[in-house]
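Chemist: Following is a predicted model, sequence given first.
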Amino acid sequence: MPTYNAKMASTHQMISVDPKAGWWQVSEKQQHETYEGRTQLLPELPIIGRLHLLQAVPGGLRSDAHPKEYELHLVQEGCLELWVDSPANQHTVTGGLATLTQPGQTHGGVREVLNPGRWSMLRFVVLPNSKKMPTGLTSAQAAHLEKLLKAMESPVFSFSPSLEKCFDRLLDEHRHPSVTSELMARSLLHELILWIVRDHAASMLNPPRRLPKYSPPIQAAVLWLDEHVGEPVLMEHAANAAGLSESHFRRWFQKEVGFNPADYMMYRRVEISKEKLRTSNMSVTKIAMELGFSTSAYFTAVFRKRTGLTPTEYRREQSAL
């Protein structure tokens, strides 16, 4: 994966709950859990883990490449801003979308920033059985899987509940290892690879969700929220735009958009402010007021939490490009 900077621990004063398991906790909602090295179950699975961050980590997602390893991210909430092959080839991977990078493919975070969000990740290799690495695959099976994975043209695709559940089971084997865990983990890894291939194929028939691909109620709500992005918004109004009860609307919106409605509004406000900072000479205060922030100080705090920079720092950085 792109290098998760070790400075994250000191930056957020993380407290180790179980160092052997790779579990770090900042609070009940902000966590970093990884299994690698002596906690990995399979040599063909160098790392598996899950991240939940409430604020951006500057320098937390540096560029990297893995000569023999595929890398998968499943974004459950929030977004990952990644580039693949070149910093100019950027992808915003929101909730419900996955990204797979190929062996040797250079990738990293946009501006090396690790965004707030919740996602799962792993790296794996596809090789036939050998004394050094007993993968459980014949030469023909490994070659077939490699062919299917390398045929994946887009690095971004929608993932299914089946893929997510398979990942969860694989992660759980690492959390609670037993004498049968190696065998179970290997079986789950093969299943997970096949789900990646199937989900990618299905996603290419129906490309990853964008506004026209939302269901009609959620599309109506997204359009309504975008039209009122700078105003105080009650969720019942957005639910009315979707023609749904508020509780049903919140669940449905989260499932399709990858944000809850309130987080989506804040995400859109920050994205629009970034565009204004790049393309205009408007003051930070004026941008804050136009986008519905009560004060420029509150706007700056939100912007920094989500980007790792203040608005002024972001504008200066963009001007230097």
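Modeler: Looks like it arrived, so ask away.
Chemist: Could you use CA atoms for every contact and neighbour count after this?
Modeler: OK.
Chemist: residue boundaries of the strands in the stretch 151-300 of the chain?
Modeler: Taking DSSP state E, counting those that start in this stretch as the criterion, the stretch 151-300 of the chain carries its strands at 156-158.
Chemist: again with the stretch 1-150 of the chain
Modeler: Using DSSP E, counting those that start in this stretch, strands in the stretch 1-150 of the chain cover 3-4, 15-18, 23-25, 31-36, 47-53, 61-62, 70-84, 90-94, 97-101, 107-109, 117-124.
Chemist: what's the closest non-adjacent residue to residue 101?
Modeler: Nearest non-adjacent residue to residue 101, counting by Cα to Cα, 6 or more residues apart in numbering: residue 71, 5.2 Å away.
Chemist: is it true that that neighbour touches residue 122?
Modeler: Yes: Residue 71 lies in contact with residue 122 (Cα atoms under 8 Å); the separation is 5.8 Å.
Chemist: hmm, back to that, could you dump the strands of the stretch 1-150 of the chain to TSV with mean neighbour count, distance to residue 146 and mean pLDDT?
Modeler: Formatted as TSV, the strands of the stretch 1-150 of the chain follow (neighbours: other Cα atoms under 10 Å; distance: least, Cα to Cα, whole Å; pLDDT from 0 to 100):
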stretch	mean neighbour count	distance to residue 146	mean pLDDT
strand 3-4	16	24	46
strand 15-18	13	35	37
strand 23-25	19	32	44
strand 31-36	20	23	84
strand 47-53	20	19	89
strand 61-62	22	26	82
strand 70-84	23	10	89
strand 90-94	19	24	85
strand 97-101	25	13	92
strand 107-109	25	20	89
strand 117-124	22	12	91
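Chemist: I'd like the ones you listed as TSV, with distance to residue 132 appended.
Modeler: Output for those, formatted as TSV (distance: least, Cα to Cα, whole Å):
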stretch	distance to residue 132
strand 3-4	26
strand 15-18	29
strand 23-25	28
strand 31-36	18
strand 47-53	18
strand 61-62	30
strand 70-84	19
strand 90-94	36
strand 97-101	25
strand 107-109	28
strand 117-124	16
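Chemist: Mind checking the ones you listed for the one nearest to residue 270?
Modeler: Nearest of those to residue 270, taken as Cα to Cα: strand 70-84 at 12.8 Å.
Chemist: who does the closest one touch, helix- and strand-wise?
Modeler: In terms of contacts (3 or more Cα pairs under 8 Å, 6 or more residues apart in numbering; DSSP states H and E), strand 70-84 is packed against strand 90-94, strand 97-101, strand 107-109, strand 117-124.
Chemist: Adjacent strands (with direction) for that strand?
Modeler: strand 90-94 (antiparallel), strand 97-101 (antiparallel), strand 107-109 (antiparallel), strand 117-124 (antiparallel) (DSSP bridges).
Chemist: Export those strands to TSV and append columns for distance to residue 273.
Modeler: What follows is these, written out as TSV (distance: least, Cα to Cα, whole Å):
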stretch	distance to residue 273
strand 90-94	17
strand 97-101	24
strand 107-109	20
strand 117-124	20
